[in-house]
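Visitor: A predicted structure for the sequence below; I have some questions about it.
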Amino acid sequence: MHIIVCIKQVPDPGAPQESFIINTSENKVEFRGIQPVLSLFDENALEAALQIQDLQKGNVKISILSIGKRISKPVMMKALASGANELFVVEDELFDPVHMDSFGTAAVLAAAVKKMEIYDLILVGRQSADWNAGQAGIGLAARLGIPVITLAKKVSVSDGKVIVERLIPGGYEVVETKLPAVVMVSNEVGELRYPTMIQRRDAKGKPTTSWSIDDIDCHLEKSRKVKIHNLIKPEFKHRSCKYITGDTPGDMGRNLALALLQDKIIG
């Protein structure tokens, strides 16, 4: 069985707020001194693939597919060290994340998958950690002409089918479809397992294939649909916080009620 996991390299979402600069004249976000990391939901997708590999007793090959303007090899090494078997990267100056929308991303991924030819299951994160659009996986499935299941909290395969526990309000539903298919994985699957030092060392020897946009015969200009008309930085309002104290829980509740009455929040 061959599983392709699409992983995006993003600026670290945990970076300080001042590291993200909004360029209003060009409608783009500029990053100052931020290190790239794997998108968190894509890490969940890789963990889902590794869980399937565990259940299949190793009879599963996991390929990582990543596209970008300049992809950091150390960042991708984390994916390989966690248990993936090989890495495919598609790099081109046209893949600037500032200008790439979900439709363009789906087009490039689909072209790369077609070049990889044989596959059974494609796993992607439910959304990326930068723009959070959550559309690339659906677009990828549409371009490949295969089924897609979103919001997966658990993924398993059996008898040529993928079975997914899919999140819905108040619980989950069980959905299955024939392979090949695309599954968009949510964080409920679990965090990506932490690689050992030996796994990190061995990852450096795993096969890596690099392509350009010409190698996968993709025409990106025809695939862009989204145009950003305005991009602004949200205003952060400063609020004062009042701490309610008391000797007992009853005193604290009474003091809270009095404070709410004084501020005319309750009548």
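Guide: Nice, I can see it.

Visitor: which stretches of the stretch 151-267 of the chain have low pLDDT?
Guide: For the stretch 151-267 of the chain, the stretches with pLDDT under 70 are 221-223.

Visitor: quick one: the helices in it?
Guide: Secondary structure of the stretch 151-267 of the chain (DSSP state H, counting those that start in this stretch): helices located at 197-203, 249-262.

Visitor: Same check on the stretch 1-150 of the chain?
Guide: 40-55, 73-81, 102-116, 136-144.

Visitor: Nearest to T209, out of those?
Guide: When the helices of the stretch 1-150 of the chain are compared by Cβ to Cβ, helix 102-116 sits nearest T209, at 8.9 Å. C-betas here are computed from N, CA, C, even on glycine.

Visitor: Please compute how far the closest one lies from its chain's middle.
Guide: On the basis of Cα atoms, centre = their mean, to the nearest Å, helix 102-116 is displaced by 16 Å from the centre of the chain it belongs to.

Visitor: Tell me the helices and strands packed up against that helix.
Guide: strand 2-6, strand 61-68, strand 86-91, helix 136-144 (3 or more Cβ pairs under 8 Å, 6 or more residues apart in numbering; DSSP states H and E).

Visitor: Please name whichever of these is nearest to M77.
Guide: strand 86-91 (8.7 Å).

Visitor: That closest one vs helix 73-81, what angle?
Guide: With axes from the mean of the first three to the mean of the last three Cα atoms, to 10 degrees applied, the angle from strand 86-91 to helix 73-81 works out at 150 degrees.

Visitor: Show me what strand 86-91 pairs with in its sheet, parallel or antiparallel.
Guide: strand 61-68 (parallel), strand 208-211 (parallel) (DSSP bridges).

Visitor: among those strands, which is the most enclosed?
Guide: Highest mean neighbour count of these: strand 61-68, a mean of 23 (counted as mean count of other Cβ atoms under 10 Å).

Visitor: contacting residues around stretch 15-24?
Guide: P11, V29, E30, F31, R32, G33, I34, Q35, N230, L231, I232, K233 (Cβ atoms under 8 Å, 6 or more residues apart in numbering).

Visitor: Now do it: distance to the chain's middle.
Guide: The chain centroid and the centroid of stretch 15-24 are separated by 21 Å, computed with Cα atoms, centre = their mean.

Visitor: Contacts only, for the closest residue to G190 other than its chain neighbours.
Guide: What sits nearest to G190 in space, not counting adjacent residues and going by Cβ to Cβ, 6 or more residues apart in numbering, is E47, at 5.4 Å. Remark: with contacts taken as Cβ under 8 Å, 6+ apart, E47 is in contact with S82, V189, G190, E191, L192, R193.

Visitor: try A133
Guide: Counting by Cβ under 8 Å, 6+ apart, A133 touches D101, S102, Q127.

Visitor: Closest to V183 out of those?
Guide: Of these, the one sitting nearest to V183 (Cβ to Cβ) turns out to be Q127, at 13.7 Å.

Visitor: Let me know the pLDDT of that closest one.
Guide: Note on Q127: pLDDT of 94.

Visitor: Confirm for me that I146 is in contact with A181.
Guide: Yes: judged on Cβ atoms under 8 Å, I146 makes contact with A181 at a distance of 5.5 Å.

Visitor: Who has more neighbours out of those two?
Guide: Using other Cβ atoms under 10 Å as the criterion, I146 and A181 rank with A181 on top: 21 against 18.
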